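S.K.: Okay, here's the prediction I keep looking at, along with the sequence it came from:
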Amino acid sequence: MSSMNPGFRTSKNEILNTCTKFWHRYYESMRQLHVRMQRKRTEPLKDRNLGTTDARHVNVFEDFWRDQLAKAIGVSVGDVASRTISFRAYRSKNFDVCWPLEGDPRILISIKTMQNAYRNLTNRIEEALGDSAVLRLYGCNAVFGFFFFMLDGNVARGIAEQGRVGEADRTVGRGRGVAPFLDLIEEGGDFFSLGRVKEYRKLGTERPSKRQDVIAKAEQSLLDLAAEEPREVGGIHYDAVAFLPTQIRRLVPNPEDEKAWKLSFSNVNARFGYREFIGQLIEVAKLRGFL
């Protein structure tokens, strides 16, 4: 039988160390992608997501929230993991964190991250809504939480300078190249080094007027998805949401380890606090008689 930790809270050091590990893996994936594509570290890449298909960076958050949930409900970490839930013979869905691993699920967590491609925010929000809708459509009353990490910075805030479109790829004779953001990759831009940034700057232009603030838009959208109070019967809303926009600065020119980064969390609505995230899920689980 589980031995719950009442009023469970995630510490800042725990989540900060996890985010640092996550970022280090992501950054290394991007660096290796430049190597594989034989591109210099000052050259933008048309699709940075090609370097993260193995999702090793996202696994960091999956492992972290699995451990936090196991600790909170007093079970072995081996009793909490990702799981594919079968709702019908023709309909199943995988969830990032689940407890228990057999029988009806009682607590589930969905995890998403966004380090670039902010234009896809609407799709991410719709995916999050779809995850919750699937549960309720098939009558599952499991407690459901959503964790969303976003890289905060000039690009996400709509104030980054965007460079000119690159030339055609001479090696294949086609393509127009990329119109990169002239910011470091830790700011959501395209460059690991700004040594040759002048080559991409538009001549005779200044920084454009502020574009869409994606972080603010994400926060408003998540407020629509979050339940305002604990409920005995799960609805379309998430029972708890943790939103973590994170600003990242590099401390050395060519970082090779996790100590090379300085991370800080942006202010968000009090309903999205990471400290209380697991505790909120536990509270709802008690209300529904699962604990």
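M.R.: Cool, the structure landed.

S.K.: Pull out the buried positions in stretch 12-28.
M.R.: Counting neighbours by 16 or more other C-beta atoms under 10 Å, one finds that the buried residues in stretch 12-28 are 15, 18-27. No exception for glycine: its C-beta is placed from N, CA and C like everyone else's.

S.K.: So what touches the longest helix along the chain?
M.R.: Using DSSP state H, we find that the single longest helix of the chain is helix 12-36. With contacts defined as C-beta atoms under 8 Å, 6 or more residues apart in numbering, helix 12-36 is touched by 40-41, 43, 45, 48, 50-52, 54, 56-58, 60-61, 64, 68, 113, 115, 149, 185-186, 192, 244, 246, 248, 255, 257-258, 260-261, 263, 265, 274-275.

S.K.: any idea which helix or strand comes after it?
M.R.: Scanning forward in sequence from helix 12-36 by DSSP states H and E, the next helix or strand is helix 56-73.

S.K.: what distance separates that following helix from the centre of its chain?
M.R.: The chain centroid and the centroid of helix 56-73 are separated by 13 Å under C-alpha atoms, centre = their mean, to the nearest Å.

S.K.: now do stretch 91-105
M.R.: 20 Å.

S.K.: got it, and stretch 79-98?
M.R.: 20 Å.

S.K.: do the same with stretch 216-232
M.R.: Taking C-alpha atoms, centre = their mean, one finds stretch 216-232 lying 16 Å from the centre of the chain it belongs to.

S.K.: Can you get me the start-to-end distance on that stretch?
M.R.: Between the opening and closing residues of stretch 216-232 lies a distance of 31 Å (C-alpha to C-alpha, to the nearest Å).

S.K.: Just say helix, strand or coil for C98.
M.R.: Here C98 is recorded as strand under DSSP: H, G, I helix; E, B strand; the rest coil.

S.K.: Pretty sure it sits against R83.
M.R.: Yes. C98 lies in contact with R83 (C-beta atoms under 8 Å); the separation is 3.8 Å.

S.K.: who has more neighbours, those two?
M.R.: When neighbours are counted by other C-beta atoms under 10 Å, C98 and R83 differ, and C98 comes out ahead with 22 against 18.

S.K.: Among the buried residues of stretch 12-28, which one sits closest to N123?
M.R.: The shortest approach to N123 among those belongs to Y26, at 19.5 Å (C-beta to C-beta).

S.K.: so which strand or helix has the closest residue to S266 other than its chain neighbours?
M.R.: With C-beta to C-beta, 6 or more residues apart in numbering as the criterion, S266 has its nearest non-adjacent residue at 4.0 Å, and that residue is P245. Element membership for P245 (DSSP H and E) is strand 240-250.

S.K.: Now, of the contacts of helix 12-36, which are buried?
M.R.: Neighbour counting over those (16+ other C-beta under 10 Å) leaves 43, 45, 48, 51-52, 57-58, 60-61, 64, 68, 113, 115, 149, 185-186, 192, 244, 246, 248, 255, 260-261, 263, 265, 274 as the buried ones.

S.K.: For stretch 190-197, measure first residue to last.
M.R.: Between the start and the finish of stretch 190-197 there is a gap of 10 Å, counting by C-alpha to C-alpha.

S.K.: From the chain's centroid, how far away is it?
M.R.: Here stretch 190-197 shows a centroid-to-chain-centroid distance of 24 Å under the convention C-alpha atoms, centre = their mean.

S.K.: What residues of that stretch count as buried?
M.R.: Buried residues in stretch 190-197, counted by 16+ other C-beta under 10 Å: 190-192, 197.

S.K.: Other residues contacting it?
M.R.: Outside stretch 190-197, the residues within contact range by C-beta under 8 Å, 6+ apart are 30-31, 34, 40-42, 44-45, 48, 163, 178, 180-185, 253.

S.K.: and the closest residue to D131 other than its chain neighbours, bridged to which residues?
M.R.: For D131, ignoring the flanking residues on the chain, the nearest one in space by C-beta to C-beta, 6+ apart is S110 at 5.0 Å. On the basis of DSSP bridges, S110 is bridged to F146.
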